[in-house]
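Trainee: prediction below, plus the sequence it came from.
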Amino acid sequence: LPETQSNTPRQSNQQPQQQQSSITTKTTTTIKDSNKYECNVCSSRMSPLPHPHTSGNMWLASCNYISQLIDPSSFRGGKSKLPNKQITNRDDPCKGRGRYLGEHWVHSHPSVKPCDLYGGKEFTWAHLRVPSVTSAWAKRLAKAPRFKFEEYVLPGMCMEDHPETLRIEDFIGLRKENYELLYNASELEEDWWGWDFLRGSII
């Protein structure tokens, strides 16, 4: 598993340690508990935008699924085996590049079946409005993403530089492009997680 720290934007009035504790404290549901949803990755919050990721990079996953992922050591320095398009000197949270690739990694394969635990809509990604570590929120396991597309569009985030990452009409194309870059896979199976997400968003 990759040894990465949270690298998403933080609000100035919250301490990184408190944020990490809030995000990780509740991620204790086992993969066995999530079998009824056929999950292979579970976190407090899985966000599909601006790219599939878990803010804070703390999660549980099945070994069978992890074995399909690209070697995370491929992310490092001049020895990178990834395409230049994916590894850049510029950290880009909107495209999941640079150090933000770490938070995207566990959700980067088309066979991922994500679940998450936090039911509140106020926290979706970017460490904005993260619940307090002292708050007694109940774990509510559900298939992820649990909200409609528009709930993950944050005002002012990525809209200027990468508006395509927040447009529903570009969602499938961006995912297929990424799968092809990392795994040479461009076909989406019928049980791909994105189909349910999109259907639920347009109904």
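Mentor: Noted; the coordinates are in hand. Residues are numbered from 1 along each chain as shown.
Trainee: Arg45: neighbour count?
Mentor: Arg45 sits with 25 neighbouring residues when counted by other C-beta atoms under 10 Å. From N, CA and C alone the C-beta is placed, and that goes for glycine too.
Trainee: right, I mislabeled it, should have said Lys121
Mentor: Look at Lys121: counted by other C-beta under 10 Å, it has 12 neighbours.
Trainee: where in this structure is the helix or strand with the lowest mean pLDDT?
Mentor: Lowest mean confidence among the helices and strands of the chain (mean pLDDT, DSSP states H and E): helix 16-25, at a mean of 52.
Trainee: next helix or strand past that helix?
Mentor: Counting by DSSP states H and E, the next helix or strand C-terminal to helix 16-25 is strand 41-43.
Trainee: adjacent strands (with direction) for that next one?
Mentor: Its sheet considered, strand 41-43 pairs with strand 60-61 (antiparallel), strand 114-116 (parallel) by DSSP bridges.
Trainee: avg pLDDT for the shortest one?
Mentor: Read it as strand 60-61. Strand 60-61 comes out with an average pLDDT of 94.
Trainee: extract the CA atoms of the longest helix along the chain and return them as PDB.
Mentor: In the chain, assigned by DSSP state H, the helix with the most residues is helix 171-183. Extracted C-alpha coordinates of helix 171-183, given in PDB (Å, rounded to 0.1, in the frame of the first residue of the first chain):
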ATOM      1  CA  PHE A 171     -17.300  12.300 -17.200                       C
ATOM      2  CA  ILE A 172     -17.100   9.100 -19.200                       C
ATOM      3  CA  GLY A 173     -14.500  10.400 -21.700                       C
ATOM      4  CA  LEU A 174     -12.200  11.500 -18.900                       C
ATOM      5  CA  ARG A 175     -12.500   8.200 -17.100                       C
ATOM      6  CA  LYS A 176     -11.800   6.200 -20.200                       C
ATOM      7  CA  GLU A 177      -8.800   8.300 -21.000                       C
ATOM      8  CA  ASN A 178      -7.400   7.700 -17.600                       C
ATOM      9  CA  TYR A 179      -8.000   4.000 -17.600                       C
ATOM     10  CA  GLU A 180      -6.200   3.800 -21.000                       C
ATOM     11  CA  LEU A 181      -3.300   5.800 -19.700                       C
ATOM     12  CA  LEU A 182      -2.700   3.700 -16.600                       C
ATOM     13  CA  TYR A 183      -4.000   0.200 -17.600                       C
END
